[in-house]
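Chemist: Here is a sequence together with a model predicted from it:
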Amino acid sequence: MSDTTLPSAKTHAGLDIRAILEHLPHRYPMLLVDRVLDVVPGQSIHAIKNVSINEAFFMGHFPHIPVMPGVLMIEALAQAAGILSFQTMGQTADLSSVFYFVGIDAARFKRPVGPGDQLHLKVSILRAKGGIWKYEARALVDDQLAVEAELMCTMRKVEA
């Protein structure tokens, strides 16, 4: 994608898990978006990750006090960003393309996230230029900031 003119705001209702699976190539255990509450192509997305004690990472992180790894919170935000980008481009995921990280800036972790928490993923597009998408990303639990970062991603064609 070259310099991108983002479409005008048109709110789409939320997406259920079937629609999420059309927009992301991720599958268990790496699918970290359970529902999209709202998406405005070209602008923003609000999605949810329900954090369950059944998550495999809790067996080792940490058995005595389960905490969701920060890198997985960032990954959940990136997956929400991927859905937003696909919605913006009017596309779905396919076997010939992958959405990759190219940068993570200003990541800050503000509170631990554990079993029973609902992580609200809020991502806004800052710009899309030269095939690089830049986002402002925040994840909240009970209206408390858990993590924030600026993410940069790009889509690349791959051989299936």
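Modeler: That came in fine, so what should we check first?
Chemist: C-alpha from now on. contacts and neighbour counts both.
Modeler: Will do.
Chemist: can you map out the helices along the chain?
Modeler: With helices called from DSSP state H, the chain shows them at 17-23, 70-89.
Chemist: and these, which is most packed in?
Modeler: The highest mean neighbour count among those, using mean count of other CA atoms under 10 Å, belongs to helix 70-89: a mean of 22.
Chemist: Please report phi then psi for the residue of the chain positioned farthest from its centre.
Modeler: In the chain, the residue that sits farthest from the middle, by CA atoms, centre = their mean, is residue 64; the gap is 28.0 Å. When quoted as degrees, to the nearest 10, the phi and psi of residue 64 stand at phi -90, psi -20.
Chemist: so how far is residue 25 from it?
Modeler: Residue 64 sits 33 Å away from residue 25, going by CA to CA, to the nearest Å.
Chemist: do residue 58 as well
Modeler: Counting by CA to CA, the gap from residue 58 to residue 25 is 24 Å.
Chemist: now swap in residue 37 and tell me
Modeler: According to CA to CA, residue 37 stands 20 Å off from residue 25.
Chemist: pLDDT weak spots in this structure?
Modeler: Along the chain, segments meeting pLDDT under 70 span 1-12, 160.
Chemist: just the strands in it please.
Modeler: Secondary structure of the chain (DSSP state E): strands at 12-15, 35-40, 44-50, 97-109, 118-129, 132-141, 144-157.
Chemist: Show me which residues of the first one are buried.
Modeler: To tie it back to what came earlier, the one meant is strand 12-15. Residues of strand 12-15 classed as buried by neighbour count (16 or more other CA atoms under 10 Å): 14-15.
Chemist: So which residues make contact with that strand?
Modeler: Residues outside strand 12-15 that contact it (CA atoms under 8 Å, 6 or more residues apart in numbering) are 35-41.
Chemist: Can you list the strands that it pairs with?
Modeler: Sheet pairing for strand 12-15, assigned by DSSP bridges, gives strand 35-40 (antiparallel).
Chemist: gap between the strand it pairs with and the chain center?
Modeler: Taking the mean of its C-alpha atoms, strand 35-40 sits 11 Å from the chain's own mean (CA atoms, centre = their mean, to the nearest Å).
Chemist: what are the C-alpha coordinates of it, in PDB please?
Modeler: The C-alpha coordinates for strand 35-40 follow below in PDB (Å, rounded to 0.1, in the frame of the first residue of the first chain):
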ATOM      1  CA  ARG A  35     -15.100  -9.600  20.300                       C
ATOM      2  CA  VAL A  36     -15.200  -6.200  18.500                       C
ATOM      3  CA  LEU A  37     -17.600  -3.800  20.100                       C
ATOM      4  CA  ASP A  38     -17.200  -1.000  17.600                       C
ATOM      5  CA  VAL A  39     -15.000  -0.200  14.600                       C
ATOM      6  CA  VAL A  40     -14.800   3.000  12.500                       C
END
